[in-house]
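Enquirer: I need the structure of the sequence given here:
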Amino acid sequence: MTYTRAGESLIIIDHTGVPDALRGRGLGLVLVRRAVEDARAAGKTIIPLCPFAKATIERHPEFHDVVKR
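Expert: So this is what the prediction gives:
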């Protein structure tokens, strides 16, 4: 996962990728979940520009509290 810190309270997720050999094992979800947990713990919000991260966050209502709307 690549991301940019924008100021003190914002994280922009640019890209989430998993090697082809590891796809289908839920590792992308693990990466997004960790980003959400870290943002939540630090009091930050996320802008998911990455299509995978955005779709994953949309499918998981428990992640919505850290998304910049």
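Enquirer: gap between residue 9 and residue 42?
Expert: Distance, residue 9 to residue 42, by Cβ to Cβ, to the nearest Å: 8 Å. All C-beta spots, glycine's among them, are computed from the backbone N, C-alpha and C.
Enquirer: so which residues of the chain form strands?
Expert: For the chain, the strands defined by DSSP state E cover 2-6, 10-15, 45-48.
Enquirer: show residues contacting the first one.
Expert: Meaning strand 2-6. Strand 2-6 is touched from outside by 11, 12, 13, 14, 15, 35, 47, with contacts defined as Cβ atoms under 8 Å, 6 or more residues apart in numbering.
Enquirer: just the buried subset of the residues you listed, please.
Expert: Among the contacts of strand 2-6, those classed as buried by neighbour count (16 or more other Cβ atoms under 10 Å) are 11, 12, 13, 35, 47.
Enquirer: any idea how far residue 58 is from residue 13?
Expert: Between residue 13 and residue 58 the computed distance is 13 Å (Cβ to Cβ).
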